[in-house]
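> Sharing a model that was predicted from the sequence below.
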Amino acid sequence: MAIRHFLTLMDLSAEELKHIIERAIELKNLRRQGIATDLFRGKVLGMIFEKSSTRTRVSFEAGMAQMGGSALFLSPRDTQLGRGEPVEDSARVISRMVDMVMIRTFDHQTLERFATYSRVPVINALSDSYHPCQLLADIQTYMEYRGNPEGKVVAWVGDGNNMCHSYINAARLCGFELRIACPQGYEPDDNLVAAGREQVKVVHNPVDAVRGADWVATDVWASMGQEREQQVRTRAFEHFLVDHQLMRHANSNALFMHCLPAHRGEEVSADLLEDENISVVWDEAENRLHAQKALMEFLQEHSA
């Protein structure tokens, strides 16, 4: 059986994605009932971090522990990967010693090169191009609150970044309409937009995206590695704040999501972020844990 990797959402079929989300909800319920699972007993997850993280490290490490396995945290300071060893060589060695590898990196090609030479499943825990694990959590959160997102309207307000790219892939797999609002010059990748043209529309006015939406999402205006662009981006995104006023254009039961960390008063108002009648960001953050456990279980089962 071929090794299954998870580098983008498009590595899954629509049915596989649905299965993982349903299993994530099941695992969450089992956890809350105090029912332990040990499906990863004796299994080791290698966690390679070229970018720092809070939610990613905690959710993967806790997830492995909760299912009977263990995780190894590897930073560039801890491995030869950060001292010039070719990615291909690191992949050959590390994948002989662990059962799965999770990588949080800058260049998406690093993930692709590692996966090509890995003997075990490789998971994209974030790259500059995609953040698919976050979308698993986002989809799970919507399903818990509102059910199947198929046929719904989702608005993305902000940068056409890795999160936006993963929302495009989610629209293709889940069958929802995605409206992307971003300033001129900050649009998502043209090829991805073209691939999702039946579900995706790019506009430059947040109201046009949010009007009639069932689900509104945003992210920071300057992602990790773009800090030097902060002032320029702040000016470009000046009118892209998501607040209660903008949410009034959405459907009355619309949900707000943010992958966190959030910059209150920039991309989202503090009042909206804390409004638990609209904002589901804390459940969304917790669901990284459950969705990733379901993902790892799926990859192990389909790579045996």
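Yes, it's here. Numbers count the residues shown, from 1 in each chain.

> Residue 200 bridge partners, please.
The partner list for residue 200 in beta bridges (DSSP bridges) reads residue 178.

> Next: residue 72.
With DSSP bridges as the rule, residue 72 is bridged to residue 46.

> correct me, but it touches residue 45?
Yes: counting by CB atoms under 8 Å, residue 72 touches residue 45, with 7.2 Å between them. C-beta coordinates here come from the backbone N, C-alpha and C atoms, glycine included.

> Could I get the pLDDT score of residue 81?
With respect to pLDDT, residue 81 scores 69.

> again but with residue 257, I slipped
99.

> what about it, neighbour count?
Residue neighbour count, defined by other CB atoms under 10 Å, stands at 24 for residue 257.

> And for the one 3 residues further on?
Summarising burial for residue 260: neighbours were counted as other CB under 10 Å, giving 16.

> How much space separates it from residue 138?
For residue 260, the distance to residue 138 equals 11 Å [CB to CB, to the nearest Å].

> And residue 72 and residue 45? Which one has more around it.
Taking neighbours as other CB under 10 Å, residue 72 and residue 45 compare with residue 45 leading, 25 against 16.

> Just the buried positions in the helix or strand where residue 300 lies, please.
Per DSSP states H and E: residue 300 is located in helix 281-301. Of the residues in helix 281-301, 281, 283-300 count as buried by neighbour count, 16 or more other CB atoms under 10 Å.

> same question, stretch 198-210
Under 16+ other CB under 10 Å, the buried positions of stretch 198-210 are 199, 200, 202, 203, 204, 206, 207, 209, 210.

> From start to finish, how long is it in a straight line?
Taking CA to CA, to the nearest Å, the first and last residues of stretch 198-210 lie 18 Å apart.

> what's the answer for stretch 27-47, then?
First-to-last residue span, stretch 27-47, CA to CA: 22 Å.

> Pull out the buried positions in it.
Applying 16+ other CB under 10 Å to stretch 27-47 flags 27, 28, 31, 40, 43, 44, 45, 46, 47 as buried.

> again, but for stretch 56-63
Buried positions in stretch 56-63, judged by neighbour count with 16+ other CB under 10 Å: 56, 57, 59, 60, 61, 63.

> part of a helix, is the fifth one?
It stands for residue 61. Yes: under DSSP: H, G, I helix; E, B strand; the rest coil, residue 61 falls within a helix.

> quick one on the thing from earlier: shared neighbours of residue 260 and residue 138, anything?
Listed as contacting both residue 260 and residue 138 by CB atoms under 8 Å, 6 or more residues apart in numbering are residue 284.

> ok, the buried residues of stretch 27-47 vs residue 116, which is closest?
residue 46 (16.4 Å; CB to CB).

> per-residue pLDDT, the closest one?
98.

> So which residues of the stretch 101-250 of the chain form helices?
In the stretch 101-250 of the chain, the helices defined using DSSP state H, counting those that start in this stretch lie at 108-117, 132-146, 162-174, 190-195, 206-210, 230-236, 244-247.

> just how off-centre is the helix or strand following the shortest one within its chain?
Spelled out, it's helix 244-247. Once the chain leaves helix 244-247, the next helix or strand it forms, by DSSP H and E, is strand 255-258. Distance, stretch centre to chain centre, for strand 255-258: 13 Å (CA atoms, centre = their mean, to the nearest Å).

> Repeat that for stretch 202-214.
The answer for stretch 202-214 is 21 Å, by CA atoms, centre = their mean.

> Mind checking the pLDDT average for that stretch?
Here stretch 202-214 scores 98 as its mean pLDDT.
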